[in-house]
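J.: sequence first, predicted coordinates after that:
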Amino acid sequence: MNQTYLTTEQLSGRIKYDPRTIRERLKDSVLLEHRHYFRPFGGRKILYIWETIEQDMLKQSGASSAVDIPMANGYVCHG
């Protein structure tokens, strides 16, 4: 299985978000450890899994319904 691993800066270039936004707002609220990213060899460096992120972004963009309520913390309430 081929997967593309990206640094925060490389992911930033692909999804057009500032690297700081990825680190501070998306990581751990939208992007989940062991699904969207991992820390190789137990270190501090983070590598993002592009194929999983892309799949989830596409799934979420088409999944919104009329009763979805965006929350201030970045989550969505499915009313």
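T.: Sure, I can see it. Residues are numbered from 1 along each chain as shown.
J.: only C-alpha atoms from now on, for both contacts and neighbour counts.
T.: Fine.
J.: what pairs with the helix or strand of the chain with the lowest mean pLDDT, and is each one parallel or antiparallel?
T.: Here the helix or strand of the chain ranked lowest by mean pLDDT, DSSP states H and E is strand 68-70, holding a mean of 75. Here strand 68-70 is paired, per DSSP bridges, with strand 76-78 (antiparallel).
J.: please identify the buried residues of the partner strand?
T.: Buried positions in strand 76-78, judged by neighbour count with 16 or more other Cα atoms under 10 Å: none.
J.: and for stretch 7-18?
T.: Neighbour counts over stretch 7-18 (16+ other Cα under 10 Å) mark 8, 11-12 as buried.
J.: mind putting those into JSON lines with pLDDT?
T.: Putting these into JSON lines (pLDDT from 0 to 100) gives the following:
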{"residue": "Thr8", "pLDDT": "97"}
{"residue": "Leu11", "pLDDT": "97"}
{"residue": "Ser12", "pLDDT": "96"}
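J.: for these, which one is nearest Arg23?
T.: If you rank these by distance to Arg23 using Cα to Cα, Thr8 comes first, at 7.5 Å.
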